[in-house]
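Undergrad: Sequence first, then the predicted structure:
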Amino acid sequence: MMAQPAKAQAGWTVADAQADMRHAYLGGAAGVFASALAWLAAGLVALDGAPSRAVLTLLVGGMMIHPVSMLLAKAMGRPGVHARGNPLGTLALEGTVWMVLGIALAYGISLWRSELFFPAMLLVIGGRYLTFASVYGMRVYWLCGATLAGAGLLLGANLASMAAGAFAGSAIETAFAVAFYLMQRRA
C-alpha cells in the first residue's frame, strides 16, 4: 500500500495536496466508477420508457456517488478521505456546489423536454470533471470532461433517446474510471 504523501512543514504545496487527493481517492477512479453505476441504473430505468423515473434514478444515484466511492476506495486499499487541512478539499466542495446548480438547470430542462436531461447532465458532469484536473493534478480529466460534454452536445443535437444518453454517460465514465485506476496502480 502506498504511504500518505508528506505535508510541507509550513503548509501544503500544490503538489502535496494533489498527491494526497490522488492517494485518498485512487486518482478519482472510485468516484468516476460510482458515477458510471448511477448512469447505468438510470439507463436501465429509461429503457422502461418512464422519463421521470429515469431522471429520479440518476439524481438519487448521484447523491450516492460520494459514499459509494469512499467505500470503493477503502476496498481498494485507500483511505477514501483526504487529509485534514488539504486545501484542495475546498476546491472539490466548490465544484460540487457549481454542479448542484447545474443539476437544477438540467432538471428544469427535463420538465420542458425530458430527452434533453441526460445530454444536459453530461455537460454539467463534464464541466465538473474539468476542475478535477486541478484537484488531482491529472490533465487527463480535461479529456474526460471534454468527452462527456461532447457526447452531451451530440446526443442533445440529435434528440437521442434518454437511454442512449444515460448509457453513453455510463460507458464514458467506466472507460475513464478504468484508465484512472490503472494510472494510479502504476504510480
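TA: Yep, it's here.
Undergrad: Contacts only, for E115.
TA: Taking CB atoms under 8 Å, 6 or more residues apart in numbering, we find E115 in contact with 51, 159-162, 165. Heads up, the C-betas are built off the backbone N, CA and C, glycines and all.
Undergrad: Just the buried residues of these.
TA: For the contacts of E115, a burial check counting by 16 or more other CB atoms under 10 Å picks out 51, 160-162, 165.
Undergrad: can you name the two of the residues you listed that are farthest apart?
TA: P51 and A160 (13.1 Å; CB to CB).
Undergrad: thinking again about what came up before, for the contacts of E115, which one is nearest S134?
TA: G165 (27.3 Å).
Undergrad: how about the helix or strand hosting the closest one: buried residues?
TA: Assigned by DSSP states H and E, G165 falls within helix 162-186. Across helix 162-186, burial judged by 16+ other CB under 10 Å covers 162-170, 172-174, 176-177, 179-181, 183-184.
Undergrad: How about stretch 83-98, which residues are buried there?
TA: Buried, per 16+ other CB under 10 Å, within stretch 83-98: 83, 86, 88-89, 91-92, 95.
Undergrad: Give me the residues contacting that stretch.
TA: Counting by CB under 8 Å, 6+ apart, 4, 7, 12, 17-18, 20-21, 24, 82, 127-128, 131-132, 134-135 sit against stretch 83-98.
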